[in-house]
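**Q** Got a predicted structure plus its sequence, pasted below:
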Amino acid sequence: MSPRCRSTPPSCGRPPVPEQPVGTSTGRVPFGSRLRTAMDSRGQLCVGIDPHPALLAAWGLADDPASLERFSLTVLEAVGADVAAVKPQVALFERHGSAGLAVLERLLAACADAGVLSIADAKRGDIGSTMAGYADAWLRDGSALAADAVTLSPYLGFESLRPALDLAAATGRGVFVLALTSNPEGASVQHVGGDQSVAARIVAAAAAENSRELGSPGPGSTGLGSTGLGSTGLVVGATVGRALTGLGLDLAAAQAPILAPGLGAQGATGADLRATFGPAFPNVLATSSRDILAAGPAPAALRDAAARTLAGLSG
Ligand SMILES: O=C(O)c1cc(=O)[nH]c(=O)n1[C@@H]1O[C@H](COP(=O)(O)O)[C@@H](O)[C@H]1O
């Protein structure tokens, strides 16, 4: 991260997302409120920081930790002041071992300094007792890997995620639970069960968490307005198309932030997103990685690519 962004965030462009009234035991405003504020002021785009080996090579960088850091901080410096969130893909740091994880720690600290929300894309999930360890790593105050939110996999049952749900609530952080993923193979698990599909159960469980946090939405509510967004988000691919209505999922009523990957490199467009999510679209945080990152390494080109993607979301 450049000294410019680290020491004086407002000079990077738009001001950091504000920390407002106290809402959690740590005094941090709940993640859902912070994301709502960020999306309202900066738009509904998250830029994925996915340092694939092929992208490092295309940027003229080596496949090593020093290059990983240069890549990641260049992306953050280029777009961090303009977008609602960034999402480092943890696997692509892990593949560099402990040195890669140290880069991720510094990147997450730089995100906080720059005033942009960070979502660690770790897709964690385990039996409850072990889940507490993952929760500690990604959601505890003082952890070197703490992010504003983390992605979780509910394959061991939604309730197995409880340690992360509770720690996120206590520290004003958030989670995004996989519901309908963007990859074609996801259907073989997530669509099972007809109108009681696995995906529908995950959406219902997230909705219950958000009702506990915010109160229940009124009849016909879009989950917007005074109740805002809860901090238990869902991952629903931008590519899922009609599966959403086919499975009868009522995403708007879940009061959940919806992380929607699949733009660009996986083929979805802004128009697909609006058509797919309909009344829930205002709660969608669209995320794109390779399509934007391929514009680098020039910061201005990265910024332009992000701006084009954001413009495409509004049609
Ligand atoms: O949780 C995710 O972010 C995720 C869920 C999903 O269903 N599909 C999906 O592509 N992702 C992630 O979103 C990013 C998509 O990258 P691009 O296809 O390059 O935009 C990758 O980091 C994926 O791991």
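**A** Nice, thanks for sending it over.
**Q** Could you find the closest non-adjacent residue to Leu178?
**A** Val235 (4.7 Å; CB to CB, 6 or more residues apart in numbering). Quick note: C-beta positions are derived from backbone N, CA and C, even for glycine.
**Q** Assign that neighbour to helix, strand or coil.
**A** strand (DSSP: H, G, I helix; E, B strand; the rest coil).
**Q** give me every residue that touches it.
**A** Counting by CB atoms under 8 Å, 6 or more residues apart in numbering, Val235 touches Thr151, Phe176, Val177, Leu178, Ala179, Leu180, Thr181, Ile258, Leu259, Ala260, Pro261.
**Q** of these, list those near the ligand.
**A** Among those, the residues that sit close to the ligand (CB under 6 Å from any ligand atom) are Thr151, Thr181, Leu259, Pro261.
**Q** Out of those, which comes closest to Ser211?
**A** The shortest approach to Ser211 among the ones next to the ligand among the contacts of Val235 belongs to Leu259, at 19.7 Å (CB to CB).
**Q** Pull the number of nearby residues for that closest one.
**A** By the measure other CB atoms under 10 Å, the count of residues near Leu259 is 28.
**Q** wait, doesn't it sit right on Thr232?
**A** No - look at Leu259 against Thr232 with CB atoms under 8 Å: they stay out of range, at 11.7 Å.
**Q** Would you tell me which residues of the stretch 51-200 of the chain are close to the ligand?
**A** Gln89, Asp121, Thr151, Thr181, Ser182, Asn183.
**Q** Could you give the residue of the stretch 1-150 of the chain that lies closest to the ligand?
**A** Closest residue of the stretch 1-150 of the chain to the ligand, CB to the nearest ligand atom: Gln89 (3.9 Å).
**Q** Can you classify the residue most central in space within the chain by secondary structure?
**A** Nearest to the mean C-alpha position of the chain, by CA atoms, centre = their mean, lies Ile119 at 4.5 Å. Here Ile119 is strand, with the state taken from three-state DSSP.
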